[in-house]
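Visitor: what follows is a predicted protein model with its sequence.
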Amino acid sequence: MKKYMLGMIIGLLGTNVLAYAHYDKATARLFDQKGNIVGKVEFAQHKDGVQVKAQVTHLAPGFHGFHVHAIGLCTVVNTVPATPPFTSAGGHFKLVTTSNHRDHNGDFPVLLVNANGTAKVEFKTDRFKIKELFDADGSAVIIHADPDNYANIPVRYAQFPLASPVVTGPDAMTLATGDSGGRSVCGVVKKY
């Protein structure tokens, strides 16, 4: 009886370990708007968060917004005319739909691209688990054309100083995207 119970416990533990291992790693191959591979992002699940490693090439030097987006689709040419590339990836990945930009679960530190067009970054985030990236429509990684200000526009700054009444603080675009600009690079997150 003891051997049978021990076998059941090991079997159950093994099942849980396998279920956890199913989502313990993910990767996104990054493509530019011309379809060229320009890098990759790797995700590794740990008990205290997700380790994120990114390596990219052939990007414009400077700071770039860097996020996980809500839909695992990287379309350059969209069905709606004049739709910018990679908008198929939807908005930023967020578990609470009412959150503003700096509180989106998919917000990452800005990516600093060196003068030679390359960047490497590694950090850990506890804002999501890898398995949460694999909902019904998946997720994607986007590198934006511009820096990300994290919607950090204090209310003391006027958006429209000549308006009556004066409108202060971040506008709707800033709250949604951190003013990161167009989408330069996209990669669908896939199980490793």
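Guide: That came through, no problem.
Visitor: where does the chain dip in pLDDT?
Guide: Applying pLDDT under 70 to the chain flags residues 1-22, 78-81.
Visitor: just the helices in it please.
Guide: For the chain, the helices defined by DSSP state H cover 2-22, 172-177.
Visitor: mind listing what the residue nearest the centre of the chain touches?
Guide: Taking CA atoms, centre = their mean, the centroid of the chain lies closest to Val68, which sits 1.2 Å from it. Neighbouring residues of Val68 by CB atoms under 8 Å, 6 or more residues apart in numbering: His92, Phe93, Asn105, Gly106, Phe108, Phe128, Leu133, Ser139, Ala140, Val141, Ile142, Val189. Heads up, the C-betas are built off the backbone N, CA and C, glycines and all.
Visitor: contact partners for the last one?
Guide: When contacts are counted by CB under 8 Å, 6+ apart, Val189 is found next to 26-28, 41, 43, 68, 72, 133-134, 138-141.
Visitor: now swap in the second one and tell me
Guide: With contacts defined as CB under 8 Å, 6+ apart, the neighbours of Phe93 are His67, Val68, His69, Ala70, His104, Asn105, Gly106, Phe128, Leu133, Ser139.
Visitor: circling back to that earlier point, report the beta-bridge partners for the residue nearest to the centre of the chain.
Guide: Counting by DSSP bridges, Val68 is bridged to Val141.
Visitor: could you dump the contacts of Phe93 to a markdown table with distance to Leu175?
Guide: Converted to a markdown table, the contacts of Phe93 look like this (distance: CB to CB, whole Å):
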| residue | distance to Leu175 |
| --- | --- |
| His67 | 14 |
| Val68 | 18 |
| His69 | 16 |
| Ala70 | 16 |
| His104 | 10 |
| Asn105 | 16 |
| Gly106 | 15 |
| Phe128 | 20 |
| Leu133 | 23 |
| Ser139 | 21 |
